[in-house]
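> Could you work out the structure for the sequence below:
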Amino acid sequence: MALVAGAVAFSGTGAATLNGDELATISAASRSLPGLWELAQNIDGHFLPYYLFMHFWVKAGTAELWLRFPSAVAIGVAAWFLADLGRRLHSVRAGVIGAALFALLPSVSYYGAFARSYAFAAAAVVFSFWALRRAVERPGGRRWVAYGVAVALVCCTHLFAVLALPAHLALARRGMLLRMAAALGVGGLPAVVLGLVGFGERHAISWIPQRGPEVWLKFPKMAAGSAGLGLLLFAVALAGAVVLWRTKAGRSAGDQGRGRDSAAGIEGRSSQRDAVRGNEERSARRDPVPGEGVRWAVAGVGWLVLPPVLLLAVSQLVTPAYVDRYLFVTAPALALLAGVAVAAVPRFPVPAGVVVVLVGGLLAVSDHMTVREENGRFENVPWGLRVVRAEPGDAIVYGQSPLRAGFDYYADSAMPDDVLKTGDAPEPDGFGYPERPEVAAALKGRERVWVVWRGTKQAGLQGDSVPRVAQVRRAGFEAVSVKHSADLPGLTVALFERK
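Okay, the predicted model is just below:
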């Protein structure tokens, strides 16, 4: 299932072009190490571990597929750990079905073909729950070290991925509190450092609007990447939590699941006795864990719902920070719990799994197609390039300076003169480029100017919300052609001519 999930995720790139966030990854990773450190001191400091990895990765190239390949691999890793976690919690079927549902999610196809750290964060969170399960099953020094490493990876992949870690506390029990606290404390140190860095750079997310509890209504769609599939899996996942809750005390859920799997493939009384004897031997080798099913039911639900709740709390108490992509770490929990529920269907778990996967696939077809379209990342620069039909002497002005990175990346023919840019390297403290301050002076002697900005037509043509566009108008130009890409916020490309 790991290979299938990775392949499905990698196919998510389709014809989708790089968006601004992915172009920021190229900009950051292409700098020298001192330059990357200077950038991290001003913006995106919490992405520094990912940027360091990509710094070495892009030495082999910056083609779309190459940039996105590590995220697809991360999805494959997440699927492997998810399948094994499902096996340990319930049964082999639960793990396989959970991993299959995970691969089915349009959100997995999106973030698995996205040159940012969100797929890494999801993989690290799954790894952390898997490592904790192993440490709880058979406590030992190496297993607690592995758990601490997993926690550290969660903290390094994305700052808000740590919002899934409080769900681990549901698994704490007497006799392991000290070791668990030590692993969380040491492993959580990167989160403290990156959190302080992120707080100092909170101006970088000042564009995020304040949200209210109404955003939770869209949460199933966000986690799954599809409204219909998200609602279906959310309901099935709650049933999965009930299945775990009802697991008998005194034996791990993984043992019960393996017992069911063993008995299902054996015929005859003697084979059944062998299966029971095998279960007893496994239980004898492992200490009973009273209430383990209840703990994992709470942990699974916490993994699914705590990140959006806590992120909204951060938004209300610290600074607006509620963005859907910060919550992709909940997608594996949705698939895992749903897999447990389907695997627990009496007598017909395999047909039930096939039905859920097929129905889910049908519900998500249109969303999978959208992810793979040219505008699948909602910032279609090649479309903008096709709109721009430059004539000799034309100029171009970017409403937001970082936009030129996308046009430079995709341009395969002569572009209008970039009259504002004064240097080829991005600014050391951000992703914009050094520009001349006076637009009117830069456009002196020009009759036509193409203006590109991120946002709607009205955002640039009414008022001063996009200052560069307003400056072009005040320089004596008027819009004669304005086109906007299909989705919001999208791109707007306008041709201005001198009055």
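
> What is the helix or strand containing G240 packed up against?
Assessed by DSSP states H and E, G240 sits inside helix 227-245. Applying 3 or more C-beta pairs under 8 Å, 6 or more residues apart in numbering; DSSP states H and E, one finds that helix 227-245 contacts helix 219-224, helix 292-317, helix 331-343, helix 349-371. To be clear about C-beta, it is placed using only N, CA and C from the backbone, and glycine gets the same treatment.

> Out of the ones you listed, which one sits most buried?
Highest mean neighbour count of the helices and strands packed on helix 227-245: helix 331-343, a mean of 30 (counted as mean count of other C-beta atoms under 10 Å).

> what angle separates that helix from helix 292-317?
150 degrees (axes from the mean of the first three to the mean of the last three C-alpha atoms, to 10 degrees).

> sorry, back to before: of the helices and strands packed on helix 227-245, which approaches A99 most closely?
When these are compared for distance to A99 using C-beta to C-beta, the nearest one is helix 331-343, at 7.3 Å.

> I'd like the helices and strands packed on helix 227-245 written out as a markdown table, with mean pLDDT and distance to G6 added.
Listed next are the helices and strands packed on helix 227-245 as a markdown table, based on pLDDT from 0 to 100; distance: least, C-beta to C-beta, whole Å:
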| stretch | mean pLDDT | distance to G6 |
| --- | --- | --- |
| helix 219-224 | 94 | 19 |
| helix 292-317 | 95 | 22 |
| helix 331-343 | 97 | 14 |
| helix 349-371 | 93 | 16 |
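
> Could you dump those into a markdown table and include distance to T62?
Shown next, in a markdown table, are the helices and strands packed on helix 227-245 (distance: least, C-beta to C-beta, whole Å):
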| stretch | distance to T62 |
| --- | --- |
| helix 219-224 | 29 |
| helix 292-317 | 31 |
| helix 331-343 | 27 |
| helix 349-371 | 21 |
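
> chain center to the helix holding G240: distance?
Mean C-alpha position of helix 227-245 versus that of the full chain (C-alpha atoms, centre = their mean, to the nearest Å) differs by 21 Å.

> Tell me which residues of that helix come out buried.
228-230, 232-234, 236-237, 240-241, 243-245 (16 or more other C-beta atoms under 10 Å).

> Now render the residues you listed as CSV, adding distance to A9 and pLDDT.
Formatted as CSV, the buried residues of helix 227-245 follow (distance: C-beta to C-beta, whole Å; pLDDT from 0 to 100):
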residue, distance to A9, pLDDT
G228, 21, 94
L229, 16, 96
G230, 18, 96
L232, 21, 95
L233, 17, 96
F234, 21, 96
V236, 22, 96
A237, 21, 97
G240, 23, 96
A241, 26, 96
V243, 28, 95
L244, 27, 94
W245, 31, 93
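
> Go through those residues and say which is closest to N19.
Of all these, N19 sits closest to G230, with 22.3 Å by C-beta to C-beta.

> give the contact list for the closest one.
Each residue near G230 by C-beta atoms under 8 Å, 6 or more residues apart in numbering is listed here: 219-224, 334.

> give me that answer again for 6 Å
By C-beta atoms under 6 Å, 6 or more residues apart in numbering, the residues touching G230 are 220-221, 223-224.

> since we're on Q41, how many residues are nearby?
Using other C-beta atoms under 10 Å, Q41 is surrounded by 14 other residues.

> no, scratch that, I was asking about K421
Around K421 there are 18 other residues, counting by other C-beta under 10 Å.

> Distance check, it against V388.
K421 sits at a distance of 16 Å from V388 (criterion: C-beta to C-beta, to the nearest Å).

> could you check the angle helix 349-371 makes with the helix holding G240?
Using the same axes, to 10 degrees: helix 227-245 against helix 349-371 is 140 degrees.

> For the residue nearest to the spatial centre of the chain, give me the pLDDT.
Central residue check for the chain by C-alpha atoms, centre = their mean: the C-alpha nearest the mean position is that of Y118, 3.1 Å away. Note for Y118: predicted pLDDT of 98.

> Off-centre distance for the host helix or strand of W130?
Using DSSP H and E, W130 falls within helix 118-137. Computed by C-alpha atoms, centre = their mean, the chain-centroid distance of helix 118-137 equals 15 Å.

> With stretch 190-206 instead?
Distance, centroid of stretch 190-206 to centroid of chain: 18 Å (C-alpha atoms, centre = their mean).

> swap in stretch 443-460?
On C-alpha atoms, centre = their mean, the centre of stretch 443-460 falls 33 Å from that of its chain.

> How far does it stretch from one end to the other?
18 Å (C-alpha to C-alpha, to the nearest Å).

> what is K483 paired to in the beta sheet?
Beta-bridge pairing for K483 (DSSP bridges): V493.

> Can you give me every residue that contacts D464?
A470 are the contacts of D464 under C-beta under 6 Å, 6+ apart.

> Can you say which helix or strand has it in it?
Take DSSP H and E as the rule and D464 turns out to sit in neither a helix nor a strand.

> With A390 instead?
Short version, using DSSP H and E: A390 is in no helix or strand.

> ok, which stretches of the stretch 351-499 of the chain are helices?
With DSSP state H, counting those that start in this stretch as the criterion, the stretch 351-499 of the chain has helices at 381-387, 403-410, 439-442, 457-461, 467-474.
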